[in-house]
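[1] Provided below for reference: sequence and predicted model.
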Amino acid sequence: AQKFKSHMFRPLVVISNKMNYNVTLIFFLFQVQILFSQRIPSYYKDIAPIINSNCVECHQNGGLGPFPLTNYEEVRSKIKMIINVTQSGYMPPWQADPEFRSFKNERFLDSNSKNLILKWAETGLNKGRKKDYKSALESKFTLGNPDLILSISKQYQLSDQSIEDYRFFNIPTDIPEDTYLSAVEFVPGNKRVIHHSRIMIDTTNQIRGIDGLSEFDPKSLEFQKKPLADEFLYGWVPGNLPVSYPLGTGKKIFKNSDLILNIHYAPTSRKEIDSSQIKLYFAKDKIQKEINVLTIREGDIANQPFFIPANTKPTFYVSYTLKDSINIVSIMPHMHFIGDSFKALAVTPDGTAVPIIKIDHWDFNWQSTYLFDKPQFLPKGTVLLITATFDNSESNPENPNQPPKDIGYGWDSTDEMMNFIIYYY
């Protein structure tokens, strides 16, 4: 009987041990999950990657941002402001709808990143281990050292009479041979007064007399009649960053070309000077495809005229058919203060709809060149459908005129434009 009882209870003991083991394992995993969820975030491991990917492009010494965010001390000192502008969605500035199309250089924070920054502040701004840190200046968008830095011939003295100023500068490159560019950067010498700039290429060397002239000077108008090798190499507006091209592609600049720099200075009542620069980055890899530029302008609008009466919210439409197949590498929409929304969609000959860009809330102060993750092929015969809405009402806080006035085309900040620049090969 004793032997029988021993055999009867042995399996129960085994079962009991297994149950205890399973309960212990579940409890252990539960505790690990709790500990993981309660892990204190650190700057080096958690916060630096967010800041480096989304903020440092502008917030570094010499950048567009008003202060740098390249290390722990700099971020910690601005943490209250960082929380305020990220939680509200004001920063980082990114206009394109990521659900319509994503871009290589997009910078926006999802709810997890916003909450992680908030939790880091609430748990004591832990610094963490430096071995987890990657330098902010080694971010994926860093261009490295420029191959050529060009400056306007001499410092330009602005008028202190509160007038709009459009100024041309001619900058010889003295490049000894035809060269392909991998990137172009404009560095504003005085961010307080530069509204926008545009860089063009002249290969004749016959427009050098335009240097320093106003756009309204009759002499400059004569120079503007001469054809240019490239009417739009690069455009800088507030919030825009350098334009770069994919590996294996490049923008050709011919030997001894001159750069024509057109700068729009905003009105100022102070004595201001400017000494802006252009930085050129040469392609180091073999060039297989040459970059070209397509600019869709106000003249391409279907429902002319391009005119926005006071207290109206009109929408303008463009239907542009591609004469050849292209591969888009980057794009840049452009409007002024009363721009409200912008959308571009491509429809291929077989009826396929290709999202290009969608901006629901236009902000003149934060414009960008949008870099594609990979070139977007569009076959010959594709139709680009573009819509842009403008808000010339009193309810638009960005309207420069109160009460509203009729607005037409022009380069002044109080005028309007509707451009779509496409870099392609």
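    Received it, and whenever you're ready, just let me know what you need. Numbers count the residues shown, from 1 in each chain.

[2] how long is stretch 316-331 end to end?
    Stretch 316-331 has its terminal residues 19 Å apart, counting by C-alpha to C-alpha, to the nearest Å.

[3] Which parts of this structure are helices?
    For the chain, the helices defined by DSSP state H occupy 2-37, 48-54, 72-77, 79-88, 111-122, 218-223.

[4] Pull the residues that contact the fourth one.
    With contact meaning C-beta atoms under 8 Å, 6 or more residues apart in numbering, helix 79-88 is reached by 69, 75, 91, 92, 109, 113, 114, 117, 118, 121, 125. Where you see a C-beta, it was placed from the backbone N, CA and C, and this is true even at glycine.

[5] Name the nearest residue to the fifth one, sequence neighbours excluded.
    Looking back up the chat, that one is residue 109. residue 86 (5.6 Å; C-beta to C-beta, 6 or more residues apart in numbering).

[6] Ok, the last one next?
    Nearest residue to residue 125, sequence neighbours excluded (C-beta to C-beta, 6+ apart): residue 76, at 5.4 Å.

[7] For residue 230, give its distance to residue 148.
    Counting by C-beta to C-beta, to the nearest Å, the gap from residue 230 to residue 148 is 16 Å.

[8] Kindly report the same for residue 253.
    Using C-beta to C-beta, one obtains 10 Å as the distance from residue 253 to residue 148.

[9] so what sits against both of the two?
    Common neighbours of residue 253 and residue 148, using C-beta under 8 Å, 6+ apart, are 173, 175, 280.

[10] The last one against residue 171, yeah?
    No: with contact defined as C-beta atoms under 8 Å, residue 280 does not count as touching residue 171 (10.6 Å).

[11] ok, and the closest non-adjacent residue to residue 400?
    Per C-beta to C-beta, 6+ apart, closest to residue 400 is residue 414, 4.8 Å.

[12] And for that neighbour, the neighbour number?
    Around residue 414 sit 14 other residues, with neighbours defined as other C-beta atoms under 10 Å.

[13] can you pull the contacts of it?
    By C-beta under 8 Å, 6+ apart, residue 414 lies in contact with 336, 337, 400, 401, 407.

[14] among those residues, which two are most distant?
    Largest separation among those by C-beta to C-beta: 336 and 401, giving 11.8 Å.

[15] Looking at those two, which one has more neighbours?
    Legend: neighbour count by other C-beta under 10 Å for residue 336 and residue 401, higher for residue 336 (23 against 15).

[16] any idea how far residue 213 is from the more buried one?
    Distance, residue 336 to residue 213, using C-beta to C-beta: 24 Å.

[17] just checking, residue 254 touches residue 178?
    Yes: applying C-beta under 8 Å, one finds residue 254 in contact with residue 178, separated by 5.3 Å.

[18] Just want to know which of the two has more residues nearby.
    Taking neighbours as other C-beta under 10 Å, residue 254 and residue 178 compare with residue 254 leading, 15 against 11.

[19] Quick check: the more buried one vs residue 233, distance?
    On the measure of C-beta to C-beta, residue 254 and residue 233 end up 12 Å apart.

[20] Which pLDDT value belongs to the spatially most central residue of the chain?
    Nearest to the geometric centre of the chain sits residue 368, at 3.3 Å (C-alpha atoms, centre = their mean). If you check residue 368, the pLDDT there is 86.

[21] tally of neighbours for the closest residue in space to it that isn't next to it in sequence?
    Nearest non-adjacent residue to residue 368, counting by C-beta to C-beta, 6+ apart: residue 240, 5.6 Å away. Neighbour count for residue 240, taken as other C-beta under 10 Å: 19.

[22] Need the pLDDT of residue 240.
    With respect to pLDDT, residue 240 scores 79.

[23] That one against residue 370, yeah?
    No: Residue 240 is beyond contact range of residue 370, at 10.1 Å (criterion: C-beta under 8 Å).

[24] what is in contact with these two at once?
    Jointly contacting residue 240 and residue 370 under the rule C-beta under 8 Å, 6+ apart are residue 332.

[25] tell me the contacts of residue 172?
    Neighbouring residues of residue 172 by C-beta under 8 Å, 6+ apart: 205, 208, 256, 258.

[26] I'd say the second one and residue 171 touch.
    Translated: residue 208. No: judged on C-beta under 8 Å, residue 208 makes no contact with residue 171 at a distance of 9.6 Å.

[27] Touching both of these two, which residues are there?
    The contact sets of residue 208 and residue 171 overlap at residue 258 (C-beta under 8 Å, 6+ apart).

[28] quick one, which of the two is more surrounded?
    Legend: neighbour count by other C-beta under 10 Å for residue 208 and residue 171, higher for residue 171 (20 against 14).

[29] returning to what we had before: most surrounded residue in the contacts of helix 79-88?
    Highest neighbour count within the contacts of helix 79-88, by other C-beta under 10 Å: residue 75, with 23 neighbours.

[30] how much space between it and residue 298?
    With the distance defined as C-beta to C-beta, residue 75 ends up 43 Å from residue 298.

[31] Spell out which residues sit in contact with residue 131, please.
    Each residue near residue 131 by C-beta under 8 Å, 6+ apart is listed here: residue 44.

[32] run the last query once more with 10 Å
    Taking C-beta atoms under 10 Å, 6 or more residues apart in numbering, we find residue 131 in contact with 44, 45.
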